[in-house]
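Asks: Starting from these lines, generate the structure:
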Amino acid sequence: MRFTKSAAAALAVVAVAALGLSACGNSSTATSKEDDKTITVAASPTPHAEILNKAVKPLVEKDGYKLEVKEFTDYVQPNTATEDGEVDANYFQHKPYLDNFNKEKGTHLVSVETVHFEPFGLYPGKTKSIADLKDGAVVAVPNDATNEARALLLLQDAGLIKLKDPEDINATPKDITSNPKNLQFKELEAAVVPTVINDVDIAALNGNYAIQAGFDVTKDALQIEKADGLAAKTYANILVVKKGNENTAKTKELKKALNSSEVRDYINDNYKGAVVPVF
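Replies: Numbers count the residues shown, from 1 in each chain. Have a look, this model is predicted:
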């Protein structure tokens, strides 16, 4: 009986000690999470990652944070990484694309800040001017709903087609009511469009992909969205987080840095109209 009591007492001591260690461990984990000063952002290489690395990083470092930028060349992985918690935020898209992505993929992502606008443009491929486009000319356009509509609106502005509703930001090729040159549309993932530029007559490119393809947006575009038009308000690029993270310290730090005078100056000095701050 004495042995049993001693054993029980020993076990009780061990249990209390283990509980204490467990509590300490949980406290440490909580403290570690609260003290986490690394902000991870998914971004397109140009101009988003450039803006983050060159202009935002020094600002957040002054406030005691470390910025890690994960670059993606497509428009899907940055959102899935944010939804899955692999990154704290992403910076590469506009609101119509985000809304459509959430609807199609069932994700829970929200915009927390607008930053800049990248004028969408029509660029020369095999044909060097709009006037020289022949009957049946091939036009490469992004195949996602929002950017394809944007391309169609730009083609309409160039006088190449007419849409049922001339201001429909959800237009599809089925909404074309007039196509006098019988343009043929090559629908591709946005990141692929610039890679086929030499195989099509003209291509509709997002600003970041136009820059990556080596185009001077202000000089080479055959037609471009106006920086003070409806497109600039509708398609401003945004900072995105998963719902529930809108007011975290990291999100607030990113918002403050991205809407700073330093970022505005960096954009204006380096992109010469290809990227336009909207704050």
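Asks: can you map out the helices along the stretch 101-250 of the chain?
Replies: Taking DSSP state H, counting those that start in this stretch, the helices of the stretch 101-250 of the chain run over residues 145-157, 207-212, 217-220, 230-234, 249-258.
Asks: can you pull the buried residues of the shortest one?
Replies: Along helix 217-220, the positions that meet the burial threshold by neighbour count (16 or more other C-beta atoms under 10 Å) are Val217. Heads up, the C-betas are built off the backbone N, CA and C, glycines and all.
Asks: what's the residue most central in space within the chain in contact with, if anything?
Replies: Centre of the chain computed as the mean C-alpha position; nearest residue by C-alpha atoms, centre = their mean is Phe92, 1.6 Å away. Contacts for Phe92 were tallied using C-beta atoms under 8 Å, 6 or more residues apart in numbering; they are Ala42, Ala43, Ser44, His48, Phe72, Tyr75, Pro78, Asn208, Asn237.
Asks: Given the one helix or strand it maps to, what are its sheet partners and their directions?
Replies: Taking DSSP states H and E as the criterion, Phe92 maps to strand 89-94. Strand 89-94 has the following strand partners under DSSP bridges: strand 38-43 (parallel), strand 237-242 (antiparallel).
Asks: Ok, which of those strands comes nearest Ile267?
Replies: Of all those, it is strand 237-242 that lies closest to Ile267, at 10.7 Å by C-beta to C-beta.
Asks: which of the residues in the closest one are buried?
Replies: Buried residues in strand 237-242, counted by 16+ other C-beta under 10 Å: Asn237, Ile238, Leu239, Val240, Val241, Lys242.
Asks: Likewise for stretch 133-145?
Replies: Neighbour counts over stretch 133-145 (16+ other C-beta under 10 Å) mark Leu133, Ala137, Val138, Val139, Ala140, Val141, Pro142, Asn143, Asp144, Ala145 as buried.
Asks: What is the end-to-end distance of it?
Replies: This stretch, stretch 133-145, spans 25 Å end to end (C-alpha to C-alpha, to the nearest Å).
Asks: And it, how far out from the chain middle?
Replies: Stretch 133-145 has its C-alpha centroid displaced from the chain centroid by 24 Å (C-alpha atoms, centre = their mean, to the nearest Å).
Asks: thinking again about what came up before, would you tell me which of the helices of the stretch 101-250 of the chain gets closest to Ser111?
Replies: helix 249-258 (10.9 Å).
Asks: ok, then the element right after that closest one?
Replies: Using DSSP H and E, the first helix or strand after helix 249-258 is helix 261-271.
Asks: What count of nearby residues applies to Ala89?
Replies: 26 (other C-beta atoms under 10 Å).
Asks: give me every residue that touches it.
Replies: Ala89 is in contact with 39-42, 82, 112, 239-241, 245, 250-251, 254, counting by C-beta under 8 Å, 6+ apart.
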